[in-house]
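>>> sequence first, then the predicted structure, then my questions.
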Amino acid sequence: MPKFDTCFFERYAQITLCDLFGERYAGLVNLDRPDLQDLNKGIGIEVTRAMEENKKAAQALLSEMAGNVHDVTSEAYKDIQSSGYAYGLHTGNWLGDKEYTYWQLALPLKRIIANKVRKVASGFYGEFETFGLYIFSKDDVSETQVKATIAFTRQLQRQHATRYSILFLSEIQTLYACDLRTGHFTTHPISPAKRKNYYNRALQAEF
């Protein structure tokens, strides 16, 4: 059985934030509870995943295991097979055998946000000046959905003293950075070259 390890995704998030936002997140380290921390700046970021409850992911994995590679390059397929990870390669429709369990345990977006909001409010993630939530989405996210997600999260947090200040929504080709204090968000396209770079660097923690 392949090793189930979330470190790849935590590293991928760390590398992405540092590359896209520079100095602000340059000091993040991969720890636990929350997953990314900068103690000097008082930043704590929890990394998680969301996926609709359907058979799409299972079918993608079965196709990959069967060697059906018509929609992915031979180079990417080789990388997926050797590393066990696919996130960061091609269009994000494929799954590696190591990451399958990670996605299999994912909850729909609203449920995962509600769960994380409760935990940060309860003190589960400790005490930081700034809390962030980074969510990998296996499903496409529209700007309309981003706005609705921001509104939903802000409403959930309204009664809590300890709350997330920023929400990152990552669908493989785009990262949405959502300011939960103002309700505004910025859109950051991520090119195939950048994704491959993030992928290769994130794998360094796995071997």
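Received it, and whenever you're ready, just let me know what you need.
>>> got a list of what the residue nearest the centre of the chain touches?
The chain has Phe136 as the residue nearest its centroid, 2.7 Å off, counting by CA atoms, centre = their mean. Residues counted as contacts of Phe136 (CB atoms under 8 Å, 6 or more residues apart in numbering) are Phe9, Ala13, Val47, Thr48, Arg49, Ala50, Tyr87, Ser170. Yep, even glycine has a C-beta here, placed from its N, CA and C like the rest.
>>> how much space between it and Val120?
18 Å (CB to CB, to the nearest Å).
>>> now the residue nearest to the centre of the chain: which helix or strand?
Element membership of Phe136, judged by DSSP states H and E, is strand 130-137.
>>> just the buried positions in the helix or strand just after that strand, please.
For strand 130-137, the following helix or strand on the C-terminal side (DSSP H and E) is helix 143-157. Of all the residues in helix 143-157, those buried under the rule 16 or more other CB atoms under 10 Å are Gln145, Val146, Thr149, Ile150, Thr153, Arg154, Leu156, Gln157.
>>> wait, doesn't the fourth one sit right on Gly183?
Right, the one you point to is Ile150. Yes. With contact defined as CB atoms under 8 Å, Ile150 reaches Gly183; the gap is 5.6 Å.
>>> and the helix or strand where Phe8 lies, how far from the chain's centre?
Per DSSP H and E: Phe8 is located in helix 7-21. Put simply, helix 7-21 sits 9 Å off its chain's centre (CA atoms, centre = their mean, to the nearest Å).
>>> would you mark the buried spots in that helix?
Across helix 7-21, burial judged by 16+ other CB under 10 Å covers 8-20.
>>> make a markdown table out of the contacts of Phe136 and add pLDDT and secondary structure.
As requested, these are exported to a markdown table (pLDDT from 0 to 100; DSSP: H, G, I helix; E, B strand; the rest coil):
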| residue | pLDDT | secondary structure |
| --- | --- | --- |
| Phe9 | 94 | helix |
| Ala13 | 97 | helix |
| Val47 | 97 | strand |
| Thr48 | 96 | strand |
| Arg49 | 95 | strand |
| Ala50 | 93 | strand |
| Tyr87 | 91 | coil |
| Ser170 | 96 | strand |
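>>> pick the one among those closest to Asp179.
Ser170 (16.1 Å; CB to CB).
>>> so what's the closest one up against?
Ala13, Thr16, Tyr134, Ile135, Phe136, Ser137, Tyr176.
>>> before we move on, what about Arg111?
Arg111 makes no contacts at all, as judged by CB under 8 Å, 6+ apart.
>>> and what of Asn40?
Applying CB under 8 Å, 6+ apart, we find Asn40 in contact with Gly27.
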